[in-house]
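Q: pasting the sequence and the predicted model now:
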Number of protein chains: 2
Amino acid sequence: MAAAPSQTILFIILLHIFYIFVPSHQYHPLDSLTPSEFSQIRSIVTKAYPESSTHKLTFQYVGLEEPSKQTVISWLKNETTTNPPRQAFVIARIDHQTHELIVDLSLQEIASKRIYSGYGYPMFTFEDQENADKLAFTYPPFVASIRRRGLKLEEVVCESFSVGWYGAEEEEGKNKKRIVKVMCYYMNGTVNLFMRPIEGISMTVDLDEMKIIGFQDRVTVPVPKADETEFRESKIKPPFRQSLKAITVVQPDGPSFTIDGHMIRWADWEFHLSFDVRAGMIISLASIYDLEKQQSRRVLYKGHVSEMFVPYMDLTEEWQRRTFFDAGEYGYGLCSMTLEPLRDCPPNAVFMDAYFSKQDGMPRKIPKAFCIFERYAGDIMWRHTEATIPGKTVREVRQDVSLVVRTVSTFGNYDYVNDWEFKQSGSIKVTVGLTGMVQVRGTTYTHKDHMEEDVYGTLVAENSIAIHHDHFLTYRLDLDVDGDANSFVRSKLRTTRVNDRRSSRKSYWTVDSKTAKTESDARIKLGSEPAELLFVNPNKKTKMGNLIGYRLIPEGVTGALLSSDDHPQIRAAFTNYNVWVTAYNKSEKWAGGLYADQSHGDDTLAVWSNR
Amino acid sequence: MAAAPSQTILFIILLHIFYIFVPSHQYHPLDSLTPSEFSQIRSIVTKAYPESSTHKLTFQYVGLEEPSKQTVISWLKNETTTNPPRQAFVIARIDHQTHELIVDLSLQEIASKRIYSGYGYPMFTFEDQENADKLAFTYPPFVASIRRRGLKLEEVVCESFSVGWYGAEEEEGKNKKRIVKVMCYYMNGTVNLFMRPIEGISMTVDLDEMKIIGFQDRVTVPVPKADETEFRESKIKPPFRQSLKAITVVQPDGPSFTIDGHMIRWADWEFHLSFDVRAGMIISLASIYDLEKQQSRRVLYKGHVSEMFVPYMDLTEEWQRRTFFDAGEYGYGLCSMTLEPLRDCPPNAVFMDAYFSKQDGMPRKIPKAFCIFERYAGDIMWRHTEATIPGKTVREVRQDVSLVVRTVSTFGNYDYVNDWEFKQSGSIKVTVGLTGMVQVRGTTYTHKDHMEEDVYGTLVAENSIAIHHDHFLTYRLDLDVDGDANSFVRSKLRTTRVNDRRSSRKSYWTVDSKTAKTESDARIKLGSEPAELLFVNPNKKTKMGNLIGYRLIPEGVTGALLSSDDHPQIRAAFTNYNVWVTAYNKSEKWAGGLYADQSHGDDTLAVWSNR
């Protein structure tokens, strides 16, 4: 869109157009905030709320305040000559209160402000966690507990865990504070600390005061051994697995995609790629070029991770609260990791950095947060051998080459590999790969046969139980199939009896398509019956009069297993269905609510959908 | 297994051991029949049943008669010094009767013979179909019908369709013969004949007599236009799509797998690859090397396609019988196509030929029927960034490289891409890709808005309706996890209420594992509840006392939609459940029965499981 010349022209007349085009990139209304914009935001906010010994200011979230969809679409159509105002949304903690600020970068001022007084708290910053994790080391009861176990303090590593919410009774009491639980691990011979939990010790940290307000040393459990926990290939001892000969991907003429600011163009696709500290990767304005109509047709206005709910099933004291909201509490973008060339991404990959605001408002870079590459896995996109014509064989085969954009988000032990894959067939495939380490609880057990009670998991090694848990990853997909007026059609396949004598068949199936009229019509539990989920533009038809739409094709379907009245499930009620379709509302981005940490479930997708 | 030296040693002392090892390959008891064995079988059978003007003999199926599993396992363990007897199973039509012969190649004689008198007929041969398809062109009523439509006879191509079975009443009458329906297509300007059906004309051909025994010209419908049906890239006219720059896979030091006869070894995997004219690709004796135990551990005794049921949902006269059994009627192996290097398989692929018996018993080669290649799609096998340790970041990433064995089977319009992928993680991923052309019925309609009745499909172009249909692909997997004593365990995840005060949680889930005691315990409809399907060896345990097993992880689950009393569904009752686990029985290979053509459903997996 944004009428830019092709990459070829850019190369030829690079010197002439350089100054024209760099500003053009900076002003795409959906571009992520730049390092200099983060610095400007910081200046504007700290000027309005000067820090002092009595006034503490922390930036919990800084991201683009998007222009409205209508504004962006008008801008794309060149209906407006000026760029939409550039704004940022800031969530700050100022003197124990959550402030929501809209900062206008064009006017260099705070455009609006309000204090949030509802339930829940903003995302943790890295500094929140790092500072909380350090407190234990100078906290005498903790130091004594470590010594009593015969462990070396310098080999201990601590981590912060969100605490969730467990009902009104506790709310009235001590927990009406922004707190985390801190629990610790032991290294001493390994970097695989998640395999060496120090069970029984937990601390409660008040993040705003940054001090330990609770400490418990409940029970002593053996720390699992360091033996056989090494995962670094360079440190593993023989016997070794059979090594494989090199295999690599080669593009002798370079990649087929172009990157123009944040716009990526490949084959018939174009889309905008951006980054948000909470959502991670954001794909916007994905459009596919229609050769017949000689125009780009939009498919997706915006798509990103909305929430990741990870409840553990362990009722022991230190574990029962582990019901994480990885995006809303820890930041799917904040936990984006630098990708390793040649290993995280193939040799033909191109990398892009990402930026976020530190707790003090200054920008921090995540080098190589994204990689973009063309994938050829040896697969076939389409083929046919025509062997029916006597005396003639026709064979036509097309290779399946696609474009992948990847990020990796690591939350403590778990690494999520996030891919958006654009296919020449016109499909977009969104996948997440789960890797890293399981969370294990230390235990006295060394063999399954000794276990007499429910241990809430599987004994994977001596003294190590991998705890049962789920991962519910929720994406927000704002589909704009061929324009923004879209409807949701659910087509069920229904067995139909043949009662007349028109056929020797007794049955066949027909398609029963229903357009959802209300949001409650459009809540789907998958897996129970064969159905197709279609997003169509009711104003457009094909030449034959068929609907124009995109199918949502889910894989690996499952459902929620906690009771619906259980507090973690009230907070994660957005997992009660697999698919929810709601009318567009710019503010309804986060399925678990804007303030996920210690939320009460009053701002979830389930609540919006009921309205 | 078969204690062979490694490939390295083979290279060094190649001349010395050449004569030792070539025979060894030929005698692996699971090897496919060789061209010379097909010729020997033909000689033995034609000697016993000499052909003449009054005695017609056709070879409908010729394949390896496998030694028993116990015999093969003893041989593998070197418990026997001699090779098991080499035998073939032959199904022949001799004078309108189905004969089952076991031919002993060692003794050069027919070891057993019987005449089959039950329901159903053997697979069609290519010659059955080619000869049937030709009959129309010299059949005056057909020629007249084509002329009346103003079509050129030389541009017509005909195809044979199996007829299924529709109940006792018709059975008593004309259909107690080995018949097919022949219907035709028009080329005249295209090779994409499936887009140009000539509706309304159908012929019934008696395959044993090889003559037309029924003809109907019921209705005249416009033949869809040839315009825009071209699929050959070389013939497509502009405007062209944006072409992509080259992308290829390179292995500078060659592949990491070795092929030793029919045994393939790669990474920690080894398996036997063979071919059957009905099953297509067969993977046997898949074993993975255990580095700790310093031994190979078997996972799978044998795996292959058992049946592919493809019912169409069109009740019109010429379409209602289209309820195909692609493996049992047409042969998943018989329809294996030659693979195109660089397109069907990547540049690092190695190809293998396959052989089958023609109708006259002589061998015919399918050049490049298999390809074997290492896949690297840019994916990550395992990774972790350890960012929790203060002042230190540890990152470890392993690339996901796997081994793929591929065949393509083309049944008229449809092409199935069959992959068995062996992963370094220890998993085996079996996939099928559906490509080719849809089956369209000719129609007078040119726009959806004109349609007043149920057309049984989607109007995809003027005069062309793509008919609703299903593909049910059934694999037979004889798992031998760590030995042949295997049990099936279904682990359901169950919500458990927390009623005591031990936790602030109200619920969690537990795993409820049940070992199937009977075959009816082990029939599974997937999708209704979260469960894990495990195949375990109850005699083996891990060091921690856990079960040793493999999980079956299904994707893209669906269920049967025809009424259970409908004849096609009685024949395909094996699709009533997604998973069936039955005790080993060498003869129960084909889910739809040994004689799938015109079967009555009395020899299906559903019947065996009820016994």
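A: It's in.

Q: run through the helices of the stretch 501-611 of chain A in chain order.
A: Taking DSSP state H, counting those that start in this stretch to define them, one finds helices in the stretch 501-611 of chain A at A:567-571, A:605-610.

Q: which residues does the residue sitting nearest the centre point of chain A bridge with?
A: Centroid-nearest residue in chain A, with C-alpha atoms, centre = their mean: A:V305, separated by 3.7 Å. Per DSSP bridges, the residues bridged to A:V305 are A:Y475.

Q: got the residues of the stretch 51-200 of chain A near chain B?
A: A:130, A:133-134, A:157, A:159, A:166-167, A:170, A:185, A:187, A:191-193 (C-beta under 8 Å from any C-beta of the partner chain). In short, each C-beta sits where N, CA and C put it, glycine included.

Q: can you tell me which residues in the stretch 201-350 of chain A are near chain B?
A: A:231-233, A:239-242, A:244-256, A:267-268, A:289, A:291, A:294, A:313-315, A:320-321, A:337-338, A:340, A:343-346, A:348-349.

Q: so which of these are in helices?
A: Nothing among those maps onto helices, per DSSP state H.

Q: could you flag which of these are buried?
A: A:231, A:244, A:247, A:249, A:251, A:255-256, A:267-268, A:289, A:313-315, A:320-321, A:337-338, A:340, A:344-346, A:348-349 (16 or more other C-beta atoms under 10 Å in any protein chain shown).

Q: give me the beta-bridge partners of the closest residue to A:D521 other than its chain neighbours?
A: Of all residues not flanking A:D521 in the chain, A:K514 sits nearest, at 7.5 Å (C-beta to C-beta, 6 or more residues apart in numbering or on different chains). A:K514 has these beta-bridge partners by DSSP bridges: A:R490.

Q: low-confidence ranges, the stretch 51-200 of chain A, go.
A: Scanning the stretch 51-200 of chain A for pLDDT under 70 picks out A:168-175.

Q: quick one: A:A606 and A:N576 touch, right?
A: Yes: A:A606 lies in contact with A:N576 (C-beta atoms under 8 Å); the separation is 6.1 Å.

Q: which one's more surrounded, those two?
A: In this view A:A606 and A:N576 are compared by other C-beta atoms under 10 Å in any protein chain shown, and A:A606 has more residues nearby, 22 against 18.

Q: just give the closest residue to that one, not the sequence neighbours.
A: Nearest to A:A606 is A:A573, by C-beta to C-beta, 6+ apart, at 3.5 Å.

Q: can you tell me how far the one you found is from chain B?
A: In this view, A:A573 and chain B are 14 Å apart by C-beta to the nearest C-beta, to the nearest Å.

Q: which ones are touching that residue?
A: When contacts are counted by C-beta atoms under 8 Å, 6 or more residues apart in numbering or on different chains, A:A573 touches A:564, A:601, A:604-607.

Q: in ChimeraX, how would I select the buried members of these?
A: Of these, the buried ones go into a single ChimeraX selection, burial set by 16+ other C-beta under 10 Å:
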select /A:601,604,605,606
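
Q: of the contacts of A:A573, closest to B:N546?
A: For the contacts of A:A573, the residue nearest B:N546 by C-beta to C-beta is A:S564; the value is 32.4 Å.

Q: the closest one against A:T575, yeah?
A: No: between A:S564 and A:T575 there is no contact under C-beta under 8 Å: 10.3 Å.

Q: least confident secondary structure element in chain A?
A: Within chain A, no helix or strand scores below helix A:7-12, which has a mean of 26 by mean pLDDT, DSSP states H and E.

Q: what's stretch A:93-103 in contact with?
A: Contacts of stretch A:93-103 (C-beta under 8 Å, 6+ apart): A:41, A:44-45, A:49, A:55-58, A:60, A:65, A:87-92, A:109-117, A:121-122, A:178, A:208, A:595.

Q: out of these, which are inside helices?
A: Among the contacts of stretch A:93-103, the residues falling in helices (DSSP H) are A:41, A:44-45.

Q: need the three-state assignment for whichever residue of the stretch 51-200 of chain A sits closest to chain B.
A: Nearest residue of the stretch 51-200 of chain A to chain B, counting by C-beta to the nearest C-beta: A:Y166, 3.9 Å away. Look at A:Y166: counting by DSSP: H, G, I helix; E, B strand; the rest coil, its state is coil.

Q: that one reaches A:D566, doesn't it?
A: No: in this structure A:Y166 lies outside contact range of A:D566 using C-beta under 8 Å: 9.4 Å.

Q: need the residues touching each of the two.
A: In terms of C-beta under 8 Å, 6+ apart, A:Y166 and A:D566 are both contacted by the residues B:R505.

Q: tell me which of those two has more neighbours.
A: A:D566 (23 against 20).

Q: so what's the residue count around the residue lying closest to that one once chain neighbours are set aside?
A: Nearest residue to A:D566 in three dimensions, chain neighbours excluded: B:K506, at 4.0 Å (C-beta to C-beta, 6+ apart). Applying other C-beta under 10 Å, we find 19 residues neighbouring B:K506.

Q: and the pLDDT for B:K506?
A: B:K506 is assigned 95 on the pLDDT scale.

Q: which residues are in contact with it?
A: Contacts of B:K506 (C-beta under 8 Å, 6+ apart): A:562-563, A:565-567, B:497-498.

Q: also A:A349?
A: Residues near A:A349 by C-beta under 8 Å, 6+ apart: A:341, A:371-373, B:378.

Q: ok, 7 Å please
A: A:A349 sits next to A:371-373 when contact means C-beta atoms under 7 Å, 6 or more residues apart in numbering or on different chains.

Q: A:C371 too?
A: A:339, A:344-345, A:349-351, A:406.

Q: tell me the one of the residues you listed nearest chain B?
A: Lowest distance from chain B to the contacts of A:C371 (C-beta to the nearest C-beta) belongs to A:D344, with 5.2 Å.

Q: in chain A, which ranges drop under the pLDDT threshold?
A: Within chain A, the segments meeting pLDDT under 70 span A:1-26, A:168-175.

Q: mind doing that once more with 80?
A: A:1-27, A:79-81, A:168-175, A:501-502, A:527-529, A:556-557, A:611 (pLDDT under 80).

Q: how's chain A carved up into domains?
A: A:7-116, A:126-230, A:484-611 (automatic domain parsing).

Q: what's the closest of these to B:T388?
A: Judging the domains of chain A by C-beta to C-beta, what sits closest to B:T388 is domain A:126-230, at 5.7 Å.

Q: so for the closest one, first residue to last residue, what's the gap.
A: End-to-end distance of domain A:126-230 (C-alpha to C-alpha, to the nearest Å): 26 Å.

Q: just the strands in the stretch 401-550 of chain A please.
A: Here the stretch 401-550 of chain A has its strands, by DSSP state E, counting those that start in this stretch, at A:414-423, A:428-436, A:440-442, A:457-461, A:464-467, A:472-479, A:487-497, A:507-515, A:523-524, A:531-541, A:547-552.
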